[in-house]
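Q: Make a model of this:
(one chain, ligands or ions: 1)
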Amino acid sequence: MRTYSLFIATLLLACQCLPAAAAEHVVNQKGKAFVQKKLVVKAGDSVRFVNDDPFAHNVFSLSDTKSFDLGSYGQGLGKTVVLDKAGTVEVECAVHPDMKMVIEVLK
Ligand SMILES: [Cu+2]
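A: Predicted coordinates for the structure are as follows:
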């Protein structure tokens, strides 16, 4: 009985220590816009930007939280960025200056 209790206690402890699995979010680009204007994710999650338009889009951010440039890519293609730090990430498209969205990265 004591061994069993110890086993359960160890199991519970192990579960609490395991980090939550990182999620992958998808943001589509359609009609010269990001389909989601705002997205909330957790630190460690990744966001995949998928181009649903028949022309190229680009994805970049100059935010302090995460500065990146995924380059340009055509229809049906996508690019992924991992958001490892909590904060606000303003995402833009270099091809279309009006394309903007905000990602809130929670701890
Ligand atoms: Cu664009």
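Q: From the centroid of this protein, which residue is nearest?
A: The centroid of the chain falls nearest to V47 when counting by C-alpha atoms, centre = their mean (2.7 Å).
Q: For that residue, which non-adjacent residue is spatially closest?
A: Spatial nearest neighbour of V47, chain neighbours left out: H25 (4.8 Å); criterion: C-beta to C-beta, 6 or more residues apart in numbering. All C-beta spots, glycine's among them, are computed from the backbone N, C-alpha and C.
Q: A43 now?
A: A86 is the one closest to A43 (C-beta to C-beta, 6+ apart), at 4.9 Å.
Q: Which residues are in contact with that neighbour?
A: Going by C-beta atoms under 8 Å, 6 or more residues apart in numbering, A86 touches A43, T65, V105, L106, K107.
Q: next one: T65
A: Applying C-beta under 8 Å, 6+ apart, the residues contacting T65 are L83, K85, A86, G87, T88, V89, V105.
Q: Are we agreed that the second one is in a strand?
A: No - assessed with DSSP: H, G, I helix; E, B strand; the rest coil, K85 is coil; it does not lie in a strand.
Q: Verify the stated contact: it with A43.
A: Yes - assessed by C-beta atoms under 8 Å, K85 is found in contact with A43 at 6.1 Å.
Q: where do the contact lists of those two overlap?
A: Jointly contacting K85 and A43 under the rule C-beta under 8 Å, 6+ apart are V105.
Q: Restricted to helices, list the contacts of A86.
A: Judged by DSSP state H, helices contain none of these.
Q: Report the buried members of these.
A: Burial by neighbour count, judged by 16 or more other C-beta atoms under 10 Å, picks out T65, V105 from the contacts of A86.
Q: between the contacts of A86, which is nearest D52?
A: For D52, the nearest member of the contacts of A86 is V105. The distance, counting by C-beta to C-beta, is 24.1 Å.
Q: how about the residues of this protein that lie near the ion?
A: Residues of the chain lying near the ion by C-beta under 5 Å from the ion: H57, C93, V95, H96, M99.
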